[in-house]
Every structure is written in C-alpha cells, then in structure tokens.
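**Q** sequence? don't have it. structure:
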C-alpha cells in the first residue's frame, strides 16, 4: 500500500524542468465538449478590405490626372506669328523642297481618298511618294496663301527607304487643350531615326539633345512623357528634339527653328512634366503642381504605397485564411498530441516565437504531452471564464 502511494505521488510531482505554473491545471483535449468556434476579430477583415482597396487605387493611379488638373501649362516664350484659318475656300496644300515649293500644286484632301481616312471631317491629308531617302522640308498653307503658312520655319520629314510613301496630315480646327500648337496640328507618318528628348535651359548642359536623363518614355498610343525634377528654381525654356539631331518640335509643331515653351519653378527639385503626342506632333509642359500630387502621380509615391499595401494585404489575407483553415481550434483540440494522439496535455511556459505569433494575432500557447513528453504549440481558446482558458 505504501509503495503504490509513493508511485502515485511521484507521478503527480512534475520534474524541475517541466514544473507546473502556479494555478495551472491539466487540460484534456478531445471532442467531449462541443465548444463554440471563436470568431476572428472583425477589424482584420475590415483592414484587409481597406488594404486591397488602397492597393487597387494606387495601382490604377489617378493622381497623374489630378496633378495635371492642378498644374500650370507652359506657354510659348513669344506668341506664335501665324495661326492658320480654321476653314479655307481654296483648301489646304502641302509645299516643300520635294515639289519645288509650289504653293498650289499639291493639295490635301478631305474626301476619303489619296491618304485621307474620313471624308468631310475637316482633317486634310495626302500621301506623297518619295523616290530617294533623306530629310525633306515642308509646310502647310491655304492653297496659294503664303502669309498663313505654318510652321513659321519649315517642318521636317524623314524618308528612310526608296519610293517610300509618306502621308501628310493637317487639322486646322482642334479644340484647345494643354498641347501646342493649341488650335491646329500638322504631322507626317514617317519613322523618327532616334528617340525624342526634352531639351532646354533647365539641363545641366543647356540644349543638350543627347542627354540620356531627358529621354522621353512611351506611355500609350504614340504618346511620350518625361517627369523631371528641375534642380533649382528659375525660369526656363524648352522644346522637344530628335536625339542627337537638330530637328525639333516646339510650340508651332515640327520646325527647323522650334518656338520654345517657357516655364517657371518655385522650389528646388520641383517636378516638371514634359509631354509629346507623336500622333499630332504637339507638345506640352506642366509645372507648378503640388509636390505631394506630383510625387504620387509621376514619382515613386503611388508605386511605393501600392507595393506596401499589396504586401500587407497578402500577409493579412494569408493570416486570416490560415486561421480559418489550418489553425481552426476545434481541429487542434481533437488532434491532441501529434506523436501519440493522446489528449493528456498541459500548459507549459511559452517561448519567444510563441509571443511573436500571439502579437500578430495567432493565439498560441505551448503544451506538453504527459504520455510521451511531446512539447509544442496549440491554439489558445478564449472564453469569458478564466478557469476554462485553453
């Protein structure tokens, strides 16, 4: 009788390394009691929705349009000398060194033929075939009226192959917007020999058309853009140029002597946006935007916030999914010890990793199996009554 009592007392006395904490009780895991599944805190789902909405917003990035709406549009340093009439009874003609600068010999069409796409839309076009490759000069005017020919100095066109057809297009009545020329556009569908760069007095080397820092990047549908931080406050002049060449695009369109636009910056490293529409050969310069809008719309701001919120949404979404599936308390309770599948477990002291998991919202506690000695984590179940903590 004494020997059996001694064995029982020895079994109830824990070892020094696995001593039961004050007030600790032994918990049996098993499906005996059907307990209500604990719900995840509601704020996690709300935070996940907020993170996803924020990530989508900054990926779409509407801030570039908001910044443009707040910007000041650069204007020509000098007013344009000529503005062609919106309509011409004699029609419009293209002239150039390829046809001897004859003012009425090469009319443009608005009848859907000879290179014109749509009849009667007041967009005048004509396809001209060039026998030899090279660079040619040209202008557009109401047929025979040299006083309203545009641009003031001849435009340019590149022919890269023998017998290459080039279509010249002139739109005399555009709705005004940020782009220059404001009310008309003249262009040719040639292929530029190099990229377009923004040049001007804002560069470290003034008017450097080989500056890689001011190369314009394509954004969509033949449009190009450069967001550039001008180092010092001041008043500057600019136009666009073909990289490494003298051909430029200014306030009057393509020209051998482009008319520059003028802009002003108010603080160091102010963001200035240069735009070039390759479909109409028009340019724009936007400045004076609020710094935070320019950072979000044209800098790294939107991309940084989108990346951070996307990562946060992925981490939180994984945590919620993991908690609802792998870490379901009822599965953990019914599993008991993973080694011997017995349910005679008791709580022991937690480790640093357990506290970290609990901090990020995974309510774990550490247990030991009195049957085989296994130690590990199990989900902690929250109840209103302290004595039933599991």
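**A** Received it, and whenever you're ready, just let me know what you need. Treat the numbers as computed from the prediction; the structure is a model and nothing was measured.

**Q** show me where this structure has helices.
**A** Chain-ordered helices for the chain, with DSSP state H as the definition, fall at 2-12, 42-60, 63-70, 291-297, 301-324, 329-335, 352-359.

**Q** now for those helices, which one comes closest to residue 131?
**A** Of all the helices of the chain, it is helix 63-70 that lies closest to residue 131, at 43.8 Å by CB to CB. C-beta coordinates here come from the backbone N, C-alpha and C atoms, glycine included.

**Q** Can you give the contact residues for the closest one?
**A** Applying CB atoms under 8 Å, 6 or more residues apart in numbering, the contact partners of helix 63-70 are 178, 273, 286, 288-290, 293-294, 296-298, 301-302.

**Q** If residue 283 is in a bridge, with which residues?
**A** residue 180, residue 276 (DSSP bridges).

**Q** you'd agree it is up against residue 181?
**A** No. Look at residue 283 against residue 181 with CB atoms under 8 Å: they stay out of range, at 9.1 Å.

**Q** Mutual contacts of the two, please.
**A** residue 251.

**Q** Only the buried subset of the contacts of helix 63-70, as a PyMOL command please.
**A** Per 16 or more other CB atoms under 10 Å, the buried members of the contacts of helix 63-70 correspond to this PyMOL selection:
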select buried, resi 178+273+286+288+289+293+294+296+297+298+301+302
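
**Q** what sits against the closest residue to residue 156 other than its chain neighbours?
**A** In space, and not counting its chain neighbours, residue 156 is closest to residue 247: 4.8 Å by CB to CB, 6 or more residues apart in numbering. Residue 247 makes contacts with 135, 156, 241, 254, 256, as judged by CB under 8 Å, 6+ apart.

**Q** Please report how far the first one lies from residue 157.
**A** Going from residue 135 to residue 157 by CB to CB, to the nearest Å gives 7 Å.

**Q** and residue 287, how many neighbours?
**A** Residue 287 sits with 20 neighbouring residues when counted by other CB atoms under 10 Å.

**Q** Touching, residue 261 and residue 250? I think so.
**A** Yes. In this structure, residue 261 is within contact of residue 250 by CB under 8 Å, at 7.2 Å.

**Q** Which one's more surrounded, the two?
**A** Taking other CB under 10 Å, residue 261 and residue 250 do not tie; residue 250 has more neighbours (26 against 23).

**Q** Might you report the residue contacts of the residue nearest to residue 90 when sequence neighbours are not counted?
**A** Counting by CB to CB, 6+ apart, residue 90 lies nearest to residue 143, which is 4.4 Å off, once chain neighbours are set aside. By CB under 8 Å, 6+ apart, the contact list for residue 143 reads 88, 90-93, 103-104, 107.

**Q** If we use 7 Å, what do you get?
**A** Shown in contact with residue 143 (CB atoms under 7 Å, 6 or more residues apart in numbering): 90-93, 103-104, 107.

**Q** Which among these count as buried?
**A** Neighbour counting by 16+ other CB under 10 Å classes 92-93 among these as buried.

**Q** Measure how buried residue 192 is and give me the count.
**A** Residues near residue 192, counting by other CB under 10 Å, number 13.

**Q** I meant to write residue 158 there.
**A** Residues near residue 158, counting by other CB under 10 Å, number 19.

**Q** What sits closest to it if chain neighbours are left out?
**A** residue 190 (4.6 Å).

**Q** what's the spacing between residue 88 and residue 187?
**A** Residue 88 sits 18 Å away from residue 187, taking CB to CB as the criterion.

**Q** Is residue 137 in contact with residue 151, as I believe?
**A** No. Counting by CB atoms under 7 Å, residue 137 does not reach residue 151; the two are 10.6 Å apart.

**Q** Who has more neighbours out of the two?
**A** More crowded of residue 137 and residue 151, by other CB under 10 Å: residue 151, with 28 against 17.

**Q** List the contacts of that one.
**A** By CB under 7 Å, 6+ apart, the contact list for residue 151 reads 139, 252-255.

**Q** is it possible to export those residues to CSV including distance to residue 363, pLDDT and neighbour count?
**A** Conversion of the contacts of residue 151 to CSV gives the following (distance: CB to CB, whole Å; pLDDT from 0 to 100; neighbours: other CB atoms under 10 Å):
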residue, distance to residue 363, pLDDT, neighbour count
139, 78, 97, 21
252, 71, 95, 25
253, 68, 95, 24
254, 69, 96, 25
255, 72, 95, 23
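
**Q** Among those residues, which lie within strands?
**A** Within these, residues falling in strands by DSSP state E are 139, 253-255.

**Q** low-scoring stretches of this protein, by residue?
**A** For the chain, applying pLDDT under 70 flags the ranges 1-41, 324-335, 361, 380-390.

**Q** Now with 90, please.
**A** Low-confidence segments of the chain (pLDDT under 90): 1-45, 77-79, 81, 83, 175-176, 220-221, 246, 316-390.

**Q** Can you give me the domain boundaries for the protein?
**A** Domain assignment for the chain by automatic domain parsing gives 26-67+292-390, 68-80+193-291, 92-188.

**Q** Could you work out the end-to-end span of the last one for me?
**A** Its first and final residues considered, domain 92-188 spans 15 Å by CA to CA, to the nearest Å.
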